[in-house]
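[1] can't give you the sequence, but here's the structure:
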């Protein structure tokens, strides 16, 4: 009786292990695709602003984590992160030539997080309603 | 067998033993090197993997380079591979060398910075809330001490969250609060180190009491990459819970059922998860002593918790319910949701997972009633809690490990290590597409 129970347990464990392994591999592939999209977004910010800065922040939750729409913020002049006025760009769409389309954006004063109250000079369709009136 | 054949066989054995020793030595060196790499590189600030912290490992700066995710991943994968090698050759490793390896890993991590988690700053914040500011940490989050020096180091997600740890742990942490931020941080590191040493010593003792070779048991826990880098590196209070858990098992093996059950309750007053052992212990022993021991400890703990923190200090259920609603990207629940094309975990999934956990625990209780090893059943229950949790962190997969190495059901160790491997594998996506 107990050896049969053990056999059933082991079979279920192996099946569960396979499910977890498949889910893990699927998630690694999925996250790799997300990362490739983020790499394109950072490249888009650099091309758009003409600044080759590397300390950029990525906001994935503003438009929804699964929307594929990101906001990238970075300084408009040299300095440590958030040391200068920041330019945030809303980016989405397919990756073309390693970049994605900028659909709008806004500015932020130095040393503040990206919250609606601090945004100004919103531009483009994506920024509609993003700045305080 | 002829004399020549016998001597040839013994020569082959000697050669094979030498090769095994050399290989085990190489694996051990790789483990030490990987740990040192992470600690030395982590000692240099400005790594996303190292939480913002007061400078406690400044004297190690200048030896390593900034810890990048790529280097961290390579180091942890090397650690994992070498750990597998050490485990495979563990029977040939002497007691002395096993202790030297585990001791070296502990020493390296102890002198380094806090790794990978801001939790220790939450522990300090809760202690300082109670001692320095007279604020009940069971009613308010660290945001209530914005002006305190520890506040800026508390993780963003936890600033508004009241403590979910048991009252015994909170009281343990109070003497560290007046030591200042650096003093408290060193105190937390020391607490984690001592708890780890205690856990390993008790694991050794339990393995011997169960007629198992203690050296593989010691190495499987004390040289485990998640245990060393995530658990000890982050100075997590899970180590204190593990020590209580192994003390309870050790007491049961010595036939002291009432103190054993009381120790489980004490562990649960540090971190509630360990309470999962209690039903298995009671069912296996089939005596009144563990029930009485648990009840006595529960009453005493509740009185202390109530006296110190009021009703909120003993309201474990609401704290557990609150934490059960959290979702992390590393949880298997989230991964499975993604596998089936869902964006994430929904409220119904929480109910399904809780249902699955209840079924697993009921099956384990039935198996224990029918004579299955209660220590293994407890280990399976802890593993099931981690796997079905929507909030999975690396140190949660350590919970069943010390139990897994002292049971004869090797499936538990295999399953625990497999889950750990999957957890590490899940961290590898930046390896294929590094975002910078």
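    Perfect, thanks for sending it. Computed from a prediction, not measured in an experiment: that's the story for all the values here. Numbering: from 1, shown residues only, chains lettered A, B, ... in the order given.

[2] Would stretch B:398-416 count as contacting chain A?
    Yes. Applying C-beta under 8 Å from any C-beta of the partner chain, one finds stretch B:398-416 touching chain A at B:411, B:415. The C-beta positions use only the backbone N, C-alpha and C, and glycine is treated the same way.

[3] From the rest of the structure, what touches that stretch?
    Applying C-beta atoms under 8 Å, 6 or more residues apart in numbering or on different chains, the contact partners of stretch B:398-416 are A:9-10, A:13, A:17, B:199, B:202-203, B:206-207, B:210, B:212, B:216-217, B:220-221, B:224, B:226-227, B:230-231, B:238, B:241-242, B:245-246, B:249, B:273-274, B:373, B:375-376, B:378-380, B:382-383, B:385-386, B:397.

[4] got it, and stretch A:126-133?
    Here stretch A:126-133 has contacts from A:69, A:90, A:92, A:103-106, A:116-117, A:119-122, using C-beta under 8 Å, 6+ apart.

[5] quick one on the thing from earlier: if any of the contacts of stretch B:398-416 are buried, put those into a ChimeraX selection.
    Listed next is the ChimeraX selection for buried residues among the contacts of stretch B:398-416, using 16 or more other C-beta atoms under 10 Å in any protein chain shown:
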select /A:9,13 /B:199,202,203,206,207,210,216,217,220,221,224,226,227,230,231,238,241,242,245,246,249,273,274,373,375,376,378,379,380,382,383,385,386,397
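
[6] in the strand or helix carrying residue B:207, what's buried?
    Following DSSP states H and E, one finds residue B:207 within helix B:180-209. The neighbour-count criterion (16+ other C-beta under 10 Å) identifies B:181, B:184-189, B:191-193, B:195-200, B:202-207 as the buried residues of helix B:180-209.

[7] Residue 23 - how many residues pack around it?
    Just so you know, I chose chain A. 21 (other C-beta atoms under 10 Å in any protein chain shown).

[8] that's the wrong chain, I wanted chain B
    Around residue B:23 there are 15 residues (other C-beta under 10 Å).

[9] mind listing what residue 35 touches?
    Picked chain A for this. So residue A:35 contacts B:429-430, B:432-435 (C-beta under 8 Å, 6+ apart).

[10] That was the other one, I meant chain B.
    B:75, B:79, B:105, B:108-109, B:228-229.

[11] Put together CSV for the residues you listed, with secondary structure on each row.
    Conversion of the contacts of residue B:35 to CSV gives the following (DSSP: H, G, I helix; E, B strand; the rest coil):
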residue, secondary structure
B:75, helix
B:79, helix
B:105, helix
B:108, helix
B:109, helix
B:228, helix
B:229, helix
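
[12] Pick the one among those residues closest to residue B:171.
    Nearest to residue B:171, judged by C-beta to C-beta, of the contacts of residue B:35 is residue B:109 at 26.0 Å.

[13] just checking, that closest one touches residue B:231?
    No. Contact status for residue B:109 versus residue B:231: not in contact, 9.4 Å apart, counting by C-beta atoms under 8 Å.

[14] List, one by one, the residues from the stretch 201-350 of chain B near chain A.
    B:332, B:334-336, B:338-339, B:343-344.
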